[in-house]
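S.K.: 3D, please:
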Amino acid sequence: DWCVARDEFQATLLDRQQWIEERIYTQPAAMATWLEEQLQDIVWPRETLVSFDVLEEGRLLVLDVDLPEIEDLPHRVASVPSRGLKLTVKSLSPTRLQQLYMAHVHGIAFRLIGESFAALPLVETVVLSGYSQRRDPVTGRLRDDYL
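M.R.: A predicted model of the protein is given here:
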């Protein structure tokens, strides 16, 4: 039983090695599977959904990202003074909240672009578009606004 399990494991390992060393250089479907596997390993602080297409035989990658909403970020910040044991909780100003959101969104974009270039060696161009759900001021319904 052990020998059979070892042989199956080695066959799986060899297939995976071939997949990483050869297929992601020649097969767009393998590239997409490999990238999907790499992106699923990322732990995001807020829900972040990514869809993508590998085009032009792996030289172009198009990413579409459903970004978290600004309402999902914390609106208050806690701090402890250097002396004492008192916890201070303050509300963030709207400007500071927008700055934090901007930094968060840019961080997501750069992380995805970096992970894409690292995972797919043939990629020359990454096109990333990110959207968030916002209320339409006229109808009050949610719509996707590209940021």
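
S.K.: Can you name every helix or strand that the biggest helix by length in the chain contacts?
M.R.: For the chain, the helix with the greatest residue count under DSSP state H is helix 94-119. With contacts defined as 3 or more CB pairs under 8 Å, 6 or more residues apart in numbering; DSSP states H and E, the packing partners of helix 94-119 are helix 28-40, strand 60-66, strand 125-135. All C-beta spots, glycine's among them, are computed from the backbone N, C-alpha and C.

S.K.: among those, which is the most enclosed?
M.R.: strand 60-66 (a mean of 18; mean count of other CB atoms under 10 Å).

S.K.: That strand - contacts with which helices or strands?
M.R.: Counting by 3+ CB pairs under 8 Å, 6+ apart, strand 60-66 packs on strand 49-55, helix 94-119, strand 125-135.

S.K.: What strands line up against that strand, and which way round?
M.R.: Within its sheet, strand 60-66 is paired with strand 49-55 (antiparallel), strand 125-135 (parallel), according to DSSP bridges.

S.K.: Let me have the longest one in CSV, keeping just the CA atoms, if that works.
M.R.: This means strand 125-135. Extracted in CSV, the C-alpha atoms of strand 125-135 (Å, rounded to 0.1, in the frame of the first residue of the first chain):
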residue,chain,number,x,y,z
THR,A,125,0.9,43.4,-20.2
VAL,A,126,-1.6,43.4,-17.4
VAL,A,127,-4.8,45.5,-17.8
LEU,A,128,-6.6,45.9,-14.5
SER,A,129,-10.0,47.5,-14.0
GLY,A,130,-11.6,47.8,-10.6
TYR,A,131,-15.2,48.6,-9.7
SER,A,132,-17.2,49.1,-6.6
GLN,A,133,-20.9,49.1,-5.9
ARG,A,134,-22.3,52.6,-5.4
ARG,A,135,-25.8,53.9,-5.1
